[in-house]
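J.: Please work out how this folds:
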Amino acid sequence: MAMTESNSAIWEEIERSESYLVCSMHEEAATLASSILKRLCGDKDNKGVEAGEDAGFYDMLESTGMVLVQSLKGLGRASEILDQLKLLYVSVAAIPVQVLLTGACFQISVGSSFGVREFLEEFLSKWNCVDGQYYVLVGADANVHCLERCDARFILGVDQYIKVVEVYAVTLLVTVLNDLDLAVSWVEKAALPEDKRQVIFILSYS
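T.: Below you'll find the predicted structure:
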């Protein structure tokens, strides 16, 4: 379904979903957030988003996703969060980092870690490290034009990527699954800046 709304109209809907969430109207918030994401992610060319609004579009994806994950948690459906995110965003790599981290942590916190490992591994595998300075989505154009646009859908800062690594290796593998050897093995092989790799090692052993 192609988007036809203006940016301001979409933001009005997002703000309404946030209001539902604040009022603990979780069902209404989740339903509206899901509807918004279907429209945002269903238009491959993002024709409904005004030209030059790449950052604004990413903000829409992030704000709506945060409403969704918090609503599902409020409904007692935290175990469904990652499946819903993957369904609505179509690609795991398209999920904003803050939404992904919040959703994964919510799901882990309710004792539902099934599928979280595979989910995080899939996300982490979608990015290539470039000169230890940033990560580029596999298959995305990593030329100067792409960097100048600073399109948040194709480029991740090192710190953003490392936050996901920390949840995967330290929180999930070490703390929840009690598999230090697997965590260390993965970190040793992963494409990480060396200083960040050492930080993860320290956290894993602490």
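J.: Scan the helices and strands of the protein for the one with the lowest mean pLDDT.
T.: helix 144-149 (a mean of 35; mean pLDDT, DSSP states H and E).
J.: show me where the protein has strands.
T.: Counting by DSSP state E, the chain has strands at residues 127-130, 134-137, 155-157.
J.: thought residue 167 was touching residue 103?
T.: No: taking contacts as CB atoms under 8 Å, residue 167 lies outside contact range of residue 103: 10.5 Å. (Each C-beta comes from the backbone N, C-alpha and C, glycine too.)
J.: So if I had to pick from the two, which one is more boxed in?
T.: residue 103 (28 against 19; other CB atoms under 10 Å).
J.: which residues of this protein fall in helices?
T.: For the chain, helices defined by DSSP state H occupy the ranges 7-22, 26-42, 54-74, 81-89, 97-109, 116-125, 144-149, 158-165, 180-189, 194-205.
J.: Show me what counts as buried in stretch 23-35.
T.: By neighbour count on 16 or more other CB atoms under 10 Å, the buried set for stretch 23-35 is 25, 26, 28, 29, 30, 32, 33, 34.
J.: pretty sure the second one is touching residue 71, no?
T.: Translated: residue 26. Yes: applying CB under 8 Å as the test, residue 26 and residue 71 come out as touching, 4.5 Å apart.
J.: so what sits against both of the two?
T.: residue 20 (CB atoms under 8 Å, 6 or more residues apart in numbering).
J.: which other residues reach stretch 75-89?
T.: Contacts for stretch 75-89 (CB under 8 Å, 6+ apart): 26-27, 30, 34, 37-38, 41, 61, 65, 68-69, 72-73, 92, 95, 99-100, 103-104, 106-107, 109-110, 112, 114-116, 119.
J.: Quick one: mean pLDDT for it?
T.: Taken as a whole, stretch 75-89 has a mean pLDDT of 95.
J.: could I have it exported to PDB, CA atoms only?
T.: In PDB, the C-alpha atoms belonging to stretch 75-89 read as follows (Å, rounded to 0.1, in the frame of the first residue of the first chain):
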ATOM      1  CA  LEU A  75      -0.500  -6.000  26.900                       C
ATOM      2  CA  GLY A  76       1.600  -8.900  28.300                       C
ATOM      3  CA  ARG A  77       2.700  -9.900  24.800                       C
ATOM      4  CA  ALA A  78       6.400  -9.200  25.100                       C
ATOM      5  CA  SER A  79       7.200 -12.700  23.800                       C
ATOM      6  CA  GLU A  80       5.700 -11.600  20.400                       C
ATOM      7  CA  ILE A  81       7.700  -8.400  20.100                       C
ATOM      8  CA  LEU A  82      10.600  -9.500  17.800                       C
ATOM      9  CA  ASP A  83       8.300 -11.500  15.500                       C
ATOM     10  CA  GLN A  84       6.000  -8.500  15.200                       C
ATOM     11  CA  LEU A  85       9.000  -6.200  14.400                       C
ATOM     12  CA  LYS A  86      10.300  -8.500  11.800                       C
ATOM     13  CA  LEU A  87       6.900  -8.800  10.200                       C
ATOM     14  CA  LEU A  88       6.200  -5.100  10.100                       C
ATOM     15  CA  TYR A  89       9.600  -3.800   9.200                       C
END
